[in-house]
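Asks: this is the structure alone, sequence omitted:
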């Protein structure tokens, strides 16, 4: 321990700024406010990296709320000179080299004391604190290795980081939806949940869904992955057998042709063009309480799309017309689902080279299907406004009319 006597405020502020720029910053805590009634009781600081530059992220701890503010490493020095001594009498800076303690008294006397560093490794510099992932558990290792996301040592392959992030985000979304459906910890559930994952490809998300219910929640589940490519079906079934994934199976077929039992959930992520509509219809037909789709390309409506006023001047641009076609296509899908008795939500999904589109439509069945005339009228009015003659889900309109006869 040593005492720095020459201008402690300047020295402390300089150490903070230096530690931010050289990467040695660990933590900052400022306390003992001069006027407790008008100031935060404590200010906590951490280093984050925004747009490639270090910044000091400050959390002001008030009695009833926390307030966060970010300032640059350069600005932090001037800010600290304003705060120490006049607004706050105590501060502690932790770095990987030394720890610094600033103490001042009511008469203005101050001193700066250095201590041996408590922490030798700086924390993560991300803007958000890292959250525990459902993929962090050791029980994911067998199927993540089998699918090639992890190497033999169990370390994430750099080339698969985006896919790993996608699976993690997907499971987070699915966990929330499952809770909304009342499937988590349900004591009255007498049989296994039935989940169909249509067009599942290599099975990344299919294994993930099975893992969530079977291993994380210990919930009885049967997850069926449907894929048209026979070689992928054989590969995924082989891995499921190797890791003894009871309740997980893969079958050959398409969204429209695969033989499936009644299901509780139907999932179809990145089904191309009207295949998403096929999945929505199939989910409704199979009585799914939960339908989750992440549309891919949107080809059906673009050649039909009219240019109603006052949008005509905007839609003369090809790019805007393309985006509007996507918006109208997915908007109609949400309206059709609502008419079918589902509560829908549209949210962002992970965008990467694996997920060129980042919209997800999630629908939970809550009402009787095809009885809300107001919901039906919304579909008709939106189609008329954009001069849409044919939509792949129009079959639902025809089927509903036939049932009334």
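Replies: The structure has been received and is ready for your questions. Since the structure is predicted, the reported quantities are computational estimates derived from the model, not experimental observations.
Asks: from here on, just use CA atoms for contacts and neighbour counts.
Replies: Noted.
Asks: okay, the residue nearest in space to the middle of the chain: pLDDT?
Replies: Centroid check for the chain by C-alpha atoms, centre = their mean gives residue 169 as the closest residue, at 4.3 Å. Per-residue confidence (pLDDT) for residue 169: 89.
Asks: which stretch of helix or strand covers it?
Replies: helix 161-180 (DSSP states H and E).
Asks: same thing with residue 92?
Replies: Counting by DSSP H and E, residue 92 is part of strand 88-95.
Asks: again, but for residue 293
Replies: strand 290-294.
Asks: so which elements touch that strand?
Replies: Applying 3 or more C-alpha pairs under 8 Å, 6 or more residues apart in numbering; DSSP states H and E, we find strand 290-294 packed against strand 265-269, helix 275-285, strand 359-365.
Asks: coming back round to it: tilt between the helix holding residue 169 and strand 265-269?
Replies: Orientation of helix 161-180 against strand 265-269 (axes from the mean of the first three to the mean of the last three C-alpha atoms, to 10 degrees) gives an angle of 150 degrees.
Asks: so how far is helix 161-180 from its chain's centroid?
Replies: 7 Å (C-alpha atoms, centre = their mean, to the nearest Å).
Asks: and that helix, what's buried?
Replies: Buried residues in helix 161-180, counted by 16 or more other C-alpha atoms under 10 Å: 162-164, 166-171, 174-175, 177.
Asks: where in the stretch 51-200 of the chain is pLDDT low?
Replies: Applying pLDDT under 70 to the stretch 51-200 of the chain picks out residues 64, 125-133, 186-190.
Asks: let's see that with 50 instead.
Replies: 128-130 (pLDDT under 50).
Asks: now do the helices in it.
Replies: Counting by DSSP state H, counting those that start in this stretch, the stretch 51-200 of the chain has these helices, from start to end: 73-83, 141-146, 161-180.
Asks: any idea which of those gets closest to residue 24?
Replies: helix 73-83 (12.7 Å; C-alpha to C-alpha).
Asks: most tightly surrounded among the helices and strands packed on strand 290-294?
Replies: Mean neighbour count (mean count of other C-alpha atoms under 10 Å) peaks for strand 265-269 among the helices and strands packed on strand 290-294, with a mean of 25.
Asks: who touches that strand?
Replies: With contact meaning C-alpha atoms under 8 Å, 6 or more residues apart in numbering, strand 265-269 is reached by 194-200, 276, 279, 283, 288-296.
Asks: can you tell me how far residue 358 is from residue 221?
Replies: 28 Å (C-alpha to C-alpha, to the nearest Å).
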